[in-house]
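Participant: Need a 3D model of the following:
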Amino acid sequence: MHVLFLDANVLFSAAYRAESRLRELWTLPETQLVTSGYALEEARRNLDGIDQRRRLEALAAEVRVIHESGSWALPPDVILPEKDRPILSAAVVSGATHLVTGDQTHFGPWYGKQVGGVSIIRPAVYLQSREEASVSE
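Facilitator: Numbering: from 1, shown residues only. Take a look at the predicted model:
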């Protein structure tokens with residue numbers, strides 16, 4: 001089973017447009033979605049429309065939300081801005097197999113790599129890999 005930690009930008013994008021392809025993450029078999037209160041609040045804060053916020057709340061109802069009680073220390077070679085450290089920390093602490101993020105600027109250097117046992121991946125790449133896996137089965 002894959003445990004996907006959803007970054008704020010993924011939550012935001014899935015709620016922003018009702019027809020967002022990211023909503024496919026909520027339909028994948030053998031997949032558990034998790035995020036943090038921190039990421040959820042960031043997505044909520046950046047959505048302007050009432051319909052968008054309603055969609056976010058509906059999506060969030062199907063996601064395990066963790067409230068970090070401690071932090072995981074980043075390895076010295078992982079340089080992230082202060083605002084992104086809680087995201088990676090929560091992904092590791094939650095037991096996620098993947099951190100799904102569209103944040104190319106800050107997480108881009110880590111795409112396709114593992115940090116703390118968590119694979120960091122763009123949403124489109126993850127969805128593509130699942131499609132390819134289902135075709136080969």
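
Participant: From here on, just use CA atoms for contacts and neighbour counts.
Facilitator: OK.

Participant: To what extent is Gly117 buried, counted in neighbours?
Facilitator: When neighbours are counted by other C-alpha atoms under 10 Å, Gly117 registers 13.

Participant: Quick check: it vs Leu56, distance?
Facilitator: Using C-alpha to C-alpha, to the nearest Å, we find Gly117 at a distance of 28 Å from Leu56.

Participant: ok, now Leu80?
Facilitator: Note on Leu80: its distance to Leu56, by C-alpha to C-alpha, is 26 Å.

Participant: ok, the two, which is more surrounded?
Facilitator: Set Leu80 next to Leu56 and count neighbours by other C-alpha under 10 Å: Leu56 wins out with 21 against 14.

Participant: Now do the same contact list for the nearest residue to that one once chain neighbours are set aside.
Facilitator: For Leu56, ignoring the flanking residues on the chain, the nearest one in space by C-alpha to C-alpha, 6 or more residues apart in numbering is Ala15 at 4.9 Å. With contacts defined as C-alpha atoms under 8 Å, 6 or more residues apart in numbering, Ala15 is in contact with Gln52, Arg53, Arg55, Leu56, Leu59.

Participant: The second one contacts Leu47, correct?
Facilitator: Which is Arg53. Yes: shown here, Arg53 and Leu47 form a contact pair, counting by C-alpha atoms under 8 Å, at 6.3 Å.

Participant: What is the host helix or strand of Glu57 packed up against?
Facilitator: Per DSSP states H and E, Glu57 falls inside helix 50-60. Here helix 50-60 touches helix 8-16, helix 37-46, going by 3 or more C-alpha pairs under 8 Å, 6 or more residues apart in numbering; DSSP states H and E.

Participant: buried ones in the helix ranked longest in the chain?
Facilitator: Scanning the chain for the helix with the most residues, using DSSP state H, yields helix 123-136. For helix 123-136, the neighbour count (16 or more other C-alpha atoms under 10 Å) marks Pro123, Tyr126, Leu127 as buried.

Participant: same deal with stretch 55-75?
Facilitator: Neighbour counts over stretch 55-75 (16+ other C-alpha under 10 Å) mark Arg55, Leu56, Glu57, Ala60, Val63, Val65, Ile66, Glu68, Leu74 as buried.
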